[in-house]
Every structure is written in structure tokens, then in C-alpha cells.
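Asks: Pasting the sequence and the predicted coordinates here, then a few questions.
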Amino acid sequence: MGNKEKRMKKAAPFLVAAAAVLWGMLVVFVRRLGDGGFSAMDIVCLRAYGSVAFLFPGLFLINRKLLKIRLKDTWCFVGTGVFSIVFFSYCYFRNVEVSSVAFSSILMYTSPVWVTLLSAVCFRERISRRKLSALFLALLGCVLVSGITGGAGCISIYGILLGLGSGIGYGLYSIFGRYALNRGYHPMTVTAYTFLFACVGVLPFVRIPSIIEKLGTDPMLWATALGMAFFTTTMSFSLYTMGLCYLEPGQAAVLATLEPIVSTLVGVFFYRELLTVSMLMGIALVLFSSILISKNG
């Protein structure tokens, strides 16, 4: 292993953590766009199309070779774009409508469990006691941060199925993304084609003319949509995919549970939401699990 690879391997946990921080900031953009009249799936559409608008021209100017993919490998990008991004987004946002936000978030953040189990099957990763401990701590921390211990609201079988679907879909990015990386694709190529296929996958759920019409009502909505696409999508998924080059999918998935911590802190500082003792305990547990899982061996 060369010096550059050693440096990247050490930096990989920080790349994934940085991606999680950016994802945690998503709530600021989502709330602004929601106030502007956009539905949940409209926002998913804006993320996908906005990211493609940044990624493809950028790669064409920087290194157009990164835009080349083999037809036989398109299933990897269908996996990251449709089965992960679109599927998990639909399940999560729909579950928020029929259940509580806390309950929906908890089940979405079961993703490290699914990633670890699928990685053991797909990549023959060893499930060590340390990994299991980190998974347990991360999930317990997410439960405490979500506030569900104070009451989850109305929970139905439909809501449970949607929640589990969002967790599985969220985790599938790590699995399909690793397959694409193992086939020699650059992280930026994986990110670009993920959102290109997401653009296609989201079409049945939105009306493009309606979205364009809403954007035209306020120039700040354009700025918000572009900021969301660049910072919380293009940059975050690129950082996460680069981290996947040097981390096991299970490790990356646990590190990504920093996202609800950041979302919670954003709610406290930007929207004056209550921060309880249980939430602080949850933050500590997730941070500790991230440190635990980031160590090699």
C-alpha cells in the first residue's frame, strides 16, 4: 500500500463523517422548500436533477473519461439511484406522513444493521463483536436522539413496513456503491450516475411543470434548491463514496449515523427545538459507536 493510499485510508472515516454532517444540514433546505409549497417527492426530484446539473458538466470539464461506464454495469447505478435514493426517500417521506418523524427516523437508521448483514453475504465481511457492539450503541443512540422514548405516536403495520423499507433502501447505497467501486469506477462517476438514474426513477412520483412553476414564484427557492443539490447531495455523496473506497460498507453505515445527531443540533440552534437529557445521551452513544467502528481490525 502506497503512502497516498495509507493517507486516504486514515482519512476515510472523516470523509464519511463529513458527508453525514452535510446530510444533517439537509433539514434547513427541506424546511425552506416545504414552506415554498414543494412536496417531499418534489424535493427528492430537485436533489436529483440539481445534482446532475452540477456533476455532469463538472466531470466533462475536469475529466470526461469519468463519464464512461460499461453497459453491463448499469445495474449498479440502478441500485444506487432507484433502489436506494428513490426507494428510501419515498418510504421515509411517506412514513413521516402516516407515522411520527421520530418513529420514521429510528427505522430508517436501522440501515447499519442491514448493511452489515448484507455485507457479510455479498462481500463476506466478518461480523466481529466490536461491530455488533457499535451497531447496538448506534441504534440505541438513534432511539434516544429521536425522542421516541417519550412516545412514538400512532404506529401501524403499514408504517413499520415503510420504516423498514427506508432503512433497507438507505443501506443499499453502501452495497451497490461498493459493487460499482469494485468494478473500478471513480467515486465521482458513481455519484453522477446514481443521481442520473434517480432522475428517471423519481419521474412517476412528480410533475415537472408544477415544480418549475413553483420555483418561478421566488428566486430564493432556486438558490435553496441549488444549495441543497450542491452541499447536501453532490458534495456529501461524493465524500461518502470516496470513504467507501477505503472502508467496509458496515463501517461507513455506522459512521453515517452521525446525521441524526447533526439534524438534532440544527433543530436546537436554528429552530429552537428542545434538547433533552436522553438526546444528549444518544448523541454521546452515536459518537462513541462511530469512534469504535472507525478503528481498523
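Replies: Thanks, I have the structure now.
Asks: Helix, strand, or coil at residue 283?
Replies: helix (DSSP: H, G, I helix; E, B strand; the rest coil).
Asks: Local confidence estimate at it?
Replies: pLDDT, residue 283: 77.
Asks: ok, it - contacts?
Replies: 141, 145, 261, 264 (Cβ atoms under 8 Å, 6 or more residues apart in numbering). From N, CA and C alone the C-beta is placed, and that goes for glycine too.
Asks: can you tell me how far it sits from residue 261?
Replies: The gap separating residue 283 from residue 261 is 5 Å, by Cβ to Cβ, to the nearest Å.
Asks: Report all helices and strands that the one helix or strand residue 199 maps to contacts.
Replies: With elements taken from DSSP states H and E, the one containing residue 199 is helix 187-202. With contacts taken as 3 or more Cβ pairs under 8 Å, 6 or more residues apart in numbering; DSSP states H and E, helix 187-202 sits against helix 40-63, helix 74-78, helix 157-182, helix 236-244.
Asks: That one to helix 40-63, inter-axis angle?
Replies: 150 degrees (axes from the mean of the first three to the mean of the last three Cα atoms, to 10 degrees).
Asks: picking up where we left off before, which one of the contacts of residue 283 sits in the busiest neighbourhood?
Replies: Sorting the contacts of residue 283 by how many neighbours each has (other Cβ atoms under 10 Å) puts residue 145 first, at 28 neighbours.
Asks: just checking, that residue touches residue 277?
Replies: No: counting by Cβ atoms under 8 Å, residue 145 stays clear of residue 277, with 11.7 Å between them.
Asks: For the helix holding residue 199, report the contacting residues that lie outside it.
Replies: 41, 44-45, 47-49, 51-52, 55-56, 59, 66-69, 74, 76-78, 80-82, 84-87, 173, 177, 180-181, 233-234, 237-238, 241-242, 244-245.
Asks: Which residues belonging to that helix are considered buried?
Replies: Across helix 187-202, burial judged by 16 or more other Cβ atoms under 10 Å covers 187-199, 201-202.
Asks: which intervals of this protein have sub-threshold pLDDT?
Replies: 1, 96, 100-106, 146-155, 273, 294-297 (pLDDT under 70).
Asks: Nearest residue to residue 85 in space, ignoring adjacent ones along the chain?
Replies: Spatial nearest neighbour of residue 85, excluding adjacent residues (Cβ to Cβ, 6 or more residues apart in numbering): residue 198 at 4.4 Å.
Asks: Please report how far the one you found lies from residue 169.
Replies: 12 Å.
Asks: Show me the contacts of residue 283 that map onto helices.
Replies: The helices, defined by DSSP state H, take in 141, 145, 261, 264 from the contacts of residue 283.
Asks: Can you name every helix or strand that whichever strand or helix holds residue 222 contacts?
Replies: Residue 222 belongs to helix 219-229 when assigned by DSSP H and E. In terms of contacts (3+ Cβ pairs under 8 Å, 6+ apart), helix 219-229 is packed against helix 26-35, helix 40-63, helix 208-215.
Asks: Need the contact partners of that helix.
Replies: Contacts of helix 219-229 (Cβ under 8 Å, 6+ apart): 26, 29-30, 32-33, 36, 43, 46-47, 49-51, 53-54, 214-215.
Asks: thinking again about what came up before, can you say which of the contacts of helix 187-202 are buried?
Replies: 41, 44-45, 47-49, 51-52, 55-56, 59, 66, 69, 76-78, 80-82, 84-87, 173, 177, 180-181, 233-234, 237-238, 241-242, 244-245.
Asks: can you list the helices and strands packed on helix 219-229 in CSV and add distance to residue 162?
Replies: Shown next, in CSV, are those (distance: least, Cβ to Cβ, whole Å):
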stretch, distance to residue 162
helix 26-35, 18
helix 40-63, 12
helix 208-215, 24
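Asks: Tell me which of those helices lies nearest to residue 118.
Replies: helix 40-63 (23.2 Å; Cβ to Cβ).
Asks: Tell me who's in contact with residue 69.
Replies: 77, 185, 189, 193.
Asks: Report the secondary structure state of it.
Replies: Secondary structure of residue 69, per three-state DSSP, is coil.
Asks: Distance of it relative to residue 249?
Replies: If you go by Cβ to Cβ, the gap between residue 69 and residue 249 works out to 21 Å.
Asks: before we move on, the earlier item: out of the helices and strands packed on helix 219-229, flag the one nearest residue 126.
Replies: helix 26-35 (33.0 Å).
Asks: can you list contacts of the closest one?
Replies: By Cβ under 8 Å, 6+ apart, helix 26-35 touches 42-43, 46, 220-221, 224-225, 227-228, 232, 263, 266-267, 270-271.
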